[in-house]
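S.K.: predicted model, plus sequence, below.
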Amino acid sequence: MIGRLSKFYIILPFLFLCLFQATAQDFKRQYRQAKDLFEEANYSAAMEAFKALTVYDQANPYPEYASYYYALSAEKLGYASVAKDMLLQIKKLYPTWDQLNEVNYWLCKIYFEQGQYFQGLLIASQITDPAFQSGINNLKRVYLAKIDDIETLKMILEEYPSEKEAARALVKLLGKQPIHLQETELINSLLIKFDLPREQLITIEVPKPILKETYRVALIMPFLAASLDPSPVKKRNQFVLDLYDGMKLAADTLSKMGIRLELLAYDNERNNNVTKKIVGYEELKTADLIVGPLFQEVSEPIQEFALANQISLSVNPISNNSDLIGKSPFAFLFQPSHETIGIRSAEWVARNVNRKTCMVYYGEGVKDSVMAFNFIKRALELGVNIVYAEEVRGETSVSILTTLASATEYDEWKNPTQFKLKKDSIGSIFVASDNELIYSKVINSVETRRDSIIVVGQESWLQETSVDYSKFERTHVTLSSPNYRSMTSQAYADFRRKYLQKHGTLPVEYASIGYEFVMTLGQILAKYGANFTQTMPPETFTPGTLSLGYQWQENRDNGKVPFITFNLGKLVVTD
């Protein structure tokens, strides 16, 4: 009996071994049959055959391969979601499988086909085998080129800044846009960074300048002619009349230089109905440049007309409000926008203030917050540390004194020697406001401190202020001054003389701006034509007559922002 049991226990493992070998042979045969079906492109039958082999069994050496080919068969049949689910299951169940590069390749392709570009690029980044890079790059080139949304491609480049095929697709898409809609600076930077072929990607033709012997400039402004009287009393729209006087004098000056401008004046009375009537005039379609109507509430008819007729438009030569130009490719600002002033102020601080710590105060108006936000963003990019930022309202303005001028130590004569905010702990204060309540408190606080803080503010502070100019100099106040002009220059002396001869009085601020505006635009029209908003390359600089000049930017405003300060009682440019 014992002998029989011994034989049984010897035979049993042998039987199991034979059974295991037979089962393994059966799995091998099934796998070979399924693979043959796949290679014969009989994908539906192949899916069925591989499905049975995807289940784990100790004797089955093929679950990873069967799952992989099951997914490929599904993909060939157009069942992308089924294929994707199976490929993701392979990654989860077999994370160390040596064929994961192939799995990721097909996952990447499926994600791209489904428009899930970010997920596809994430999967592509997980493929480590250099042998796959050519295929992956081809996938990227084919599918990213299908994206027709500029913002999507920009977002991809933000997430994957080294993604060459995304850059290629973006340049090609931008290169199809009319020149006035192109982001030329971005295109050029991408072409250089990724060594891309310009001639193959930029397909739009650059328009040629439309040059004329005489350019017609339509001035649509609230002259309020019906209410004017010949008395010397200051009129309620005096600034408009001063602008116009300066513009006419500039047109006379340009004509002697061989640049002829025909100024056409229209009184819109700051009335929307009157403005709509003006845009109905057939002659307005012959204008090469429209100026006005100065005020945003009556600007819509003019903006629509200029866009429909592709006429360059400066809504208001004295405004910094970028909302005035909107998305129209023909509208522009003569002044720097609030955004640009904030950016240039940050660049000035980064360039000229040694201590890279800064505080920011701004008013409750939209323009103040826009200026402050752009200052902070650019300052941080340039390595300036913004240690404190506050929106100041009338009832909270005392907080400026509390923060800056609260003394903690005094000398024997009761003069403060130390403060809650330690002396020389910050390098600068940027004040994004023309509210005297705000900037006067900042200046007074800095004067009390007697440390090295530099206050950066706005040129409007010099107009009708109660702050003595000597205090500006003592507290190292520096002002962004787009309209700065040297009163001692020969050009300004000539302007004053001609204005005095013509009007019997010296020019005021708005007359100077009107003169400079037409002098600058006359030169631009003569060089870049009536369609200058389309032909003038970004960063083009036009030297000023009274000012330091006009720098055309992609966002269609003036990028030239001088900074001035008092030195020995005189205003001087700091750079």
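M.R.: Structure's in. What do you need? All of these numbers come straight from a predicted model, not from anything done at the bench.
S.K.: now the closest residue to Asn352 other than its chain neighbours: phi and psi?
M.R.: Excluding the flanking residues, the one nearest Asn352 by Cβ to Cβ, 6 or more residues apart in numbering is Thr574, at 6.7 Å. For glycine as for every other residue, the C-beta is placed from the backbone atoms N, C-alpha and C. In terms of degrees, to the nearest 10, the main-chain angles of Thr574 are phi -80, psi -30.
S.K.: shouldn't Thr574 be in contact with Phe563?
M.R.: Yes: with contact defined as Cβ atoms under 8 Å, Thr574 counts as touching Phe563 (4.7 Å).
S.K.: how close does the residue nearest to Asn352 sit to Gly342?
M.R.: Taking Cβ to Cβ, to the nearest Å as the measure, Thr574 and Gly342 are separated by 17 Å.
S.K.: before we move on, the earlier item: more neighbours: Thr574 and Phe563, which one.
M.R.: It is Phe563, of Thr574 and Phe563, that has more neighbours when counted by other Cβ atoms under 10 Å, with 22 against 14.
S.K.: which residues touch that one?
M.R.: Arg344, Ser345, Trp348, Val456, Thr478, Leu479, Ser480, Ser481, Val573, Thr574, Asp575 (Cβ atoms under 8 Å, 6 or more residues apart in numbering).
S.K.: and the helix or strand hosting the third one, what does it pack against?
M.R.: Secondary structure here is read from DSSP states H and E; on that basis Trp348 sits in helix 338-352. Under the contact criterion of 3 or more Cβ pairs under 8 Å, 6 or more residues apart in numbering; DSSP states H and E, helix 338-352 touches helix 366-381, strand 428-432, strand 454-458, strand 478-480, strand 563-567.
S.K.: confidence-wise, which helix or strand of this structure is lowest on average?
M.R.: In the chain, no helix or strand scores lower on mean pLDDT, DSSP states H and E than helix 2-39, which sits at a mean of 61.
S.K.: which is the succeeding secondary structure element to that helix?
M.R.: Next element after helix 2-39 (DSSP H and E): helix 43-51.
S.K.: would you mark the buried spots in that following helix?
M.R.: Within helix 43-51, the residues scored as buried using 16 or more other Cβ atoms under 10 Å are Tyr43, Ala46, Met47, Ala49, Phe50.
S.K.: so for the second one, what pLDDT did the model give?
M.R.: Among the per-residue scores, Ala46 shows a pLDDT of 85.
S.K.: check the fourth one too.
M.R.: For Ala49, the model assigns a pLDDT of 85.
S.K.: likewise for the first one?
M.R.: You'll see Tyr43 listed with a pLDDT of 90.
S.K.: please verify my assumption that it contacts Ser73.
M.R.: Yes: counting by Cβ under 8 Å, Tyr43 does reach Ser73; the two are 4.2 Å apart.
S.K.: what is the end-to-end distance of stretch 404-414?
M.R.: 18 Å (Cα to Cα, to the nearest Å).
S.K.: tell me how far it lies from the chain's centre.
M.R.: Computed by Cα atoms, centre = their mean, to the nearest Å, the chain-centroid distance of stretch 404-414 equals 45 Å.
S.K.: buried set for stretch 384-399?
M.R.: Within stretch 384-399, the residues that count as buried by 16+ other Cβ under 10 Å are Val384, Ile386, Ala389, Glu391, Val392, Ser397.
S.K.: from these, which ones fall inside strands?
M.R.: Ile386, Ala389, Glu391 (DSSP state E).
S.K.: ok, Thr214 - contacts?
M.R.: Arg260, Leu261, Glu262.
S.K.: residue contacts, Gly120?
M.R.: Counted by Cβ under 8 Å, 6+ apart, Gly120 has contacts Leu107, Cys108, Lys109, Tyr111, Phe112, Leu139, Tyr143.
S.K.: what does the model give the spatially closest residue to Ile343 that is not a sequence neighbour for pLDDT?
M.R.: Spatial nearest neighbour of Ile343, chain neighbours left out: Arg378 (4.6 Å); criterion: Cβ to Cβ, 6+ apart. Each residue has a pLDDT score; the one for Arg378 is 97.
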